[in-house]
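Trainee: below are the sequence and a predicted model for it; my questions follow.
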Amino acid sequence: MERAANSITPLPVIPELTTLGRIRGWWRGLAASLAAAPRGAARDRATARLVARLRQLFEEARARRGGENAVRNRAAWIAAIYRGASLPQRAAILRLVTHEFAPDRAELAAAIAEVQAAADADELARAEARLRLALDAPRAKFFALFNLLPDGVKFLVDLRADLLGLIAQDAGLEVLRVELDSLIERWFDPGFLELTRITWQSPALVLEKLMAYEAVHPIASWTDLRNRLDIDRRCYAFFHPRLPDEPLIFVEIALVKGTPGSVQALLDENAPAADPRAADTAVFYSISNTQKGLRGVSFGNLLLKRVIDDLRDDLPNLKVFTTLSPLPGFRAWLDQALRERHELLPAAEVAKFAAAVGHAAPETAIADSLARADWPNTARVAQALRPLMEKLCARYLLREKSGAHPLDHVAQFHLGNGARLNRIYWLADTSARGLRQSYGMMVSYRYDLEEVERNHERFRNGGRLAAAGRVSRLLG
């Protein structure tokens with residue numbers, strides 16, 4: 001690749017890059033020059049040309065050539081080239097950034113030596129400051145270039161999404177992710193986030209984003225969306241000032257009397273709207289993170305606490321704050337455990353189930369029954385399965401772990417926030433998605449405000465999971 005980059009004719013220097021038209025023209029010229037080449041050669045040549053152009057831009061960035069307009073236009077060039085590149089080309093660009101903006105090795109060695117030679121606390125503090133500057137300055141200054149662009153923060157969030165996907169194949173990019181994470185954490189500090197209630201009167205662009213980003217219960221139509229924003233519903237989102245039309249995370253809430261046991265009933269477009277002032281329960285039924293590039297940056301804990309405070313101020317009759325949550329990994333876990341013949345339940349219970357459904361082989365009775373497409377609508381099978389599935393669900397949530405945390409990431413989120421596993425719901429989501437993910441099982445996590453902090457501390461310090469007695473008793 002390096003030889004190819006050195007053999008091509010350098011691109012002409014453009015004194016002022018003030019319009020996207022120049023960038024588009026450059027891309028059209030690149031595409032035309034490669035159209036007649038074999039596919040593999042075209043890819044290699046395209047990547048080499050991108051690298052060559054970016055080396056020139058990176059050199060100008062390091063030298064800080066030109067005034068503010070030149071710096072902004074240079075950042076626009078780099079962002080446009082990156083956005084137009086294929087994923088392998090993006091990987092090459094990110095490797096180039098890692099190399100070209102690495103700390104100066106001599107400065108770094110001198111700073112490390114100064115830390116090691118420090119004779120007292122004052123010298124150590126000065127040495128640590130020098131070391132931090134030597135480590136952070138080059139790449140941090142490069143990323144800061146994009147703050148000059150109107151969509152620069154969004155560009156870096158999307159770039160981080162690429163990084164998260166590429167690191168598995170290229171561990172050398174890890175240092176770039178660490179450096180970018182340091183900036184992302186500062187830029188997305190909770191103090192900068194704005195809690196906004198989304199209504200049917202919100203800007204159309206924001207409503208379209210809700211439909212596109214909804215990750216738990218897909219929004220089927222504008223009518224469906226309007227139903228979710230009706231008077232007995234609430235929707236809140238966090239926004240960042242630099243991303244005014246991009247919700248970072250949003251939560252959908254139903255205001256009801258009692259706790260519903262079916263998400264289909266909750267989302268029924270034909271059900272009449274209720275008076276929210278008469279509701280005693282707020283049900284959080286969908287929480288969606290929208291930006292892949294912000295994976296690992298936690299907003300959910302703060303979002304729910306802020307929303308609960310807002311709801312209590314607005315509707316003082318609300319006494320219960322709970323979820324109706326999916327179990328996205330339950331079916332995959334159960335199917336594997338059944339295939340591997342794990343001893344999940346007492347043999348006597350499995351034998352009783354096999355006899356109830358008329359199955360000759362108890363060891364495969366549960367798996368074979370669940371493999372039938374019509375099992376939810378076959379009364380004898382469904383009735384016999386229910387107590388077993390509730391026990392299996394309790395085991396999955398409270399005993400199956402990934403390290404010290406629950407295997408189920410939704411359970412990990414809510415229990416880590418200080419909620420209590422409150423109830424298991426049988427066939428609460430009979431949609432194709434619900435059956436595919438969890439055989440229709442759902443659960444509720446209850447946020448009792450007097451217990452949240454204590455539950456959170458127990459989870460964090462000892463991995464203890466808060467669960468209602470009716471759920472714990474299912475484990476026997």
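Mentor: Looks like it arrived, so ask away.
Trainee: right, and D275 touches D232 too?
Mentor: Yes - counting by CB atoms under 8 Å, D275 touches D232, with 7.3 Å between them. Yep, even glycine has a C-beta here, placed from its N, CA and C like the rest.
Trainee: more neighbours: which of these two?
Mentor: D232 (18 against 10; other CB atoms under 10 Å).
Trainee: distance of the more buried one relative to D224?
Mentor: Distance, D232 to D224, by CB to CB, to the nearest Å: 15 Å.
Trainee: just P316 next, same as before
Mentor: 30 Å.
Trainee: these two: who's more crowded?
Mentor: Remark: of P316 and D224, D224 carries more neighbours, 15 against 9, as counted by other CB under 10 Å.
Trainee: most remote residue from the middle of the chain, which is it?
Mentor: A119 (45.7 Å; CA atoms, centre = their mean).
Trainee: assumed it was part of a strand.
Mentor: No - remark: A119 does not belong to a strand; assigned using DSSP: H, G, I helix; E, B strand; the rest coil, it is coil.
Trainee: next up, phi/psi of it, please.
Mentor: phi -90, psi -20 (degrees, to the nearest 10).
Trainee: who touches it in this structure?
Mentor: Listed by CB atoms under 8 Å, 6 or more residues apart in numbering, A119 has no contact partners.
Trainee: let me know the secondary structure of L344.
Mentor: Going by three-state DSSP: L344 is coil.
Trainee: relative to D120, how far out is it?
Mentor: 62 Å.
Trainee: packing partners for the helix or strand encompassing A367?
Mentor: Here A367 sits within helix 362-370, counting by DSSP states H and E. Judged by 3 or more CB pairs under 8 Å, 6 or more residues apart in numbering; DSSP states H and E, helix 362-370 is in contact with helix 330-339, helix 347-357, helix 379-398.
Trainee: show residues contacting the shortest one.
Mentor: Right, the one you point to is helix 330-339. By CB under 8 Å, 6+ apart, helix 330-339 touches 344, 364, 366-367, 370, 392-393, 396, 400, 407-408, 436-439, 441.
Trainee: in that helix, what counts as buried?
Mentor: 330-331, 333-334, 337-338 (16 or more other CB atoms under 10 Å).
Trainee: and for the longest one?
Mentor: The neighbour-count check on helix 379-398 (16+ other CB under 10 Å) flags 381-382, 384-385, 388-398 as buried.
Trainee: so what's the closest residue to E128 other than its chain neighbours up against?
Mentor: Spatially, and ignoring its direct neighbours in sequence, E128 is nearest to V115 (6.3 Å; CB to CB, 6 or more residues apart in numbering). By CB under 8 Å, 6+ apart, V115 lies in contact with 124, 127-128, 131.
Trainee: and the residues you listed as JSON lines, adding neighbour count?
Mentor: Below are those laid out as JSON lines (neighbours: other CB atoms under 10 Å):
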{"residue": "L124", "neighbour count": "15"}
{"residue": "A127", "neighbour count": "19"}
{"residue": "E128", "neighbour count": "14"}
{"residue": "L131", "neighbour count": "19"}
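Trainee: hmm, back to that, list only buried entries from the contacts of helix 330-339.
Mentor: Looks like these have 344, 364, 366, 370, 392-393, 396, 407-408, 437-439, 441 buried, using 16+ other CB under 10 Å.
Trainee: among these, which one lies nearest to V153?
Mentor: D408 (32.1 Å; CB to CB).
Trainee: so who does that closest one touch?
Mentor: 327-330, 396-397, 400.
Trainee: how does it look with 6 Å?
Mentor: Listed by CB atoms under 6 Å, 6 or more residues apart in numbering, the contact set of D408 reads 327, 329.
Trainee: distance-wise, check it relative to E400.
Mentor: Applying CB to CB, the value for D408 to E400 is 8 Å.
Trainee: and for V175?
Mentor: 34 Å.
Trainee: thinking again about what came up before, the buried ones among the contacts of helix 330-339 into TSV, with extra columns for pLDDT?
Mentor: Below are the buried ones among the contacts of helix 330-339 laid out as TSV (pLDDT from 0 to 100):
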residue	pLDDT
L344	95
T364	96
I366	97
L370	97
L392	98
C393	98
Y396	97
L407	94
D408	95
Q437	96
S438	97
Y439	98
M441	98
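Trainee: quick check: closest non-adjacent residue to the spatially most central residue of the chain.
Mentor: By CA atoms, centre = their mean, the chain has its centre lying nearest to R295, at 4.2 Å. Of all residues not flanking R295 in the chain, L164 sits nearest, at 6.1 Å (CB to CB, 6+ apart).
Trainee: let's see the helix or strand hosting the one you found as CSV, backbone CA atoms only.
Mentor: Using DSSP H and E, L164 falls within helix 152-166. Presented in CSV, the C-alpha positions along helix 152-166 are these (Å, rounded to 0.1, in the frame of the first residue of the first chain):
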residue,chain,number,x,y,z
GLY,A,152,-18.4,17.4,14.1
VAL,A,153,-19.6,15.7,17.4
LYS,A,154,-21.9,13.4,15.4
PHE,A,155,-19.0,12.6,13.1
LEU,A,156,-16.8,11.5,16.0
VAL,A,157,-19.6,9.5,17.6
ASP,A,158,-20.0,7.6,14.3
LEU,A,159,-16.3,7.2,14.0
ARG,A,160,-16.2,5.6,17.5
ALA,A,161,-18.9,3.1,16.3
ASP,A,162,-16.5,2.1,13.5
LEU,A,163,-13.7,1.8,16.0
LEU,A,164,-15.7,-0.5,18.3
GLY,A,165,-16.3,-2.8,15.4
LEU,A,166,-12.8,-2.8,14.0
